[in-house]
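Undergrad: The sequence isn't on hand, but the structure is:
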C-alpha cells in the first residue's frame, strides 16, 4: 500500500486530525516505525504531485527531490533526497530548509512553531508557510532551523520535485526518507546540534 495512504488510513482509524498540533507526536511515532521507505517508489506513488521546477510561488511549500551536489567531493556529508521548505529563489537555484538534518524530536518542535506562520488554516493547496530567513532568525522559537539552511543548484537536481500537500506535512516530516552520503544520520544530527548550540 502507498506510504502516505497507509498512514492516512491509520490516522483516520485512530480519529487523528492530520493537520493539528496534537497530531505531530502521533505521526512521529507512526512514521518513524515505518521501515524501508523507498524514495523512488514514493515518487512514483505520488506521481500526480510531481512538478518540473520551483518558482517564487513554491516558497513556503514542502517538496522532496533527488539531488547530486556540485561539491560533493569536498562536503563532509550531504542528503541525496532532501525534504525542504524553499524560502528564497536564486537565479540558478533556490535556498531551502532541509528538515532531514535535525533529530525528529527537533523537527516536531520546529513544525509546531511553523503552525504559527501558515498563511491560513485550511491545510490545502492554498496553504504555505510565510517564510524568510529574516523571520526565522528573529525568534528563538525557530532556532532549530540553522543547520537546515541549504543552497541548491537547479543543474544538480536529478529528478522532478514531489509537492507534499499540507495535509501530509507531519507525515513527510518523520518518514525515514533521508539519504545521507558520507555519514550516518546520527552523526549528522549530532553535528547539527552543535550548530544549534553555537559551537
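TA: Received the coordinates, thanks. None of the values given here were measured: they were computed from a predicted structure.
Undergrad: From now on I want contacts and neighbour counts done on CA atoms only, so please keep to that.
TA: Noted.
Undergrad: Could you list the low-confidence segments of this structure?
TA: 32 (pLDDT under 70).
Undergrad: swap the cut-off to 90 and go again
TA: 1-37, 167, 170-171, 199 (pLDDT under 90).
Undergrad: Tell me which residue is most central in it.
TA: residue 83 (3.3 Å; C-alpha atoms, centre = their mean).
Undergrad: For the closest residue to that residue other than its chain neighbours, grab phi and psi.
TA: Leaving aside its chain neighbours, residue 83 sits nearest to residue 64 (4.7 Å; criterion: C-alpha to C-alpha, 6 or more residues apart in numbering). Backbone torsions for residue 64, taken as degrees, to the nearest 10, come to phi -120, psi 150.
Undergrad: show me where the chain has strands.
TA: With strands called from DSSP state E, the chain shows them at 50-51, 62-64, 78-79, 83-90, 93-98, 149-153, 161-164, 180-181.
Undergrad: all helices for this protein, in order.
TA: With DSSP state H, the ranges of helices along the chain come out as 3-13, 23-32, 39-45, 104-114, 133-137, 169-174, 185-196.
Undergrad: partner residues bridging the residue nearest to residue 83?
TA: residue 83, residue 162 (DSSP bridges).
Undergrad: circling back to that earlier point, export the strands of the chain as CSV, with columns for distance to residue 138.
TA: CSV is the format used below for the strands of the chain (distance: least, C-alpha to C-alpha, whole Å):
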stretch, distance to residue 138
strand 50-51, 32
strand 62-64, 22
strand 78-79, 27
strand 83-90, 15
strand 93-98, 16
strand 149-153, 15
strand 161-164, 27
strand 180-181, 29
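Undergrad: Check those for me and report the most buried one.
TA: strand 62-64 (a mean of 25; mean count of other C-alpha atoms under 10 Å).
Undergrad: re earlier: would JSON lines of the helices of the chain with distance to residue 78 be doable?
TA: Below are these laid out as JSON lines (distance: least, C-alpha to C-alpha, whole Å):
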{"stretch": "helix 3-13", "distance to residue 78": "24"}
{"stretch": "helix 23-32", "distance to residue 78": "21"}
{"stretch": "helix 39-45", "distance to residue 78": "16"}
{"stretch": "helix 104-114", "distance to residue 78": "17"}
{"stretch": "helix 133-137", "distance to residue 78": "21"}
{"stretch": "helix 169-174", "distance to residue 78": "18"}
{"stretch": "helix 185-196", "distance to residue 78": "9"}
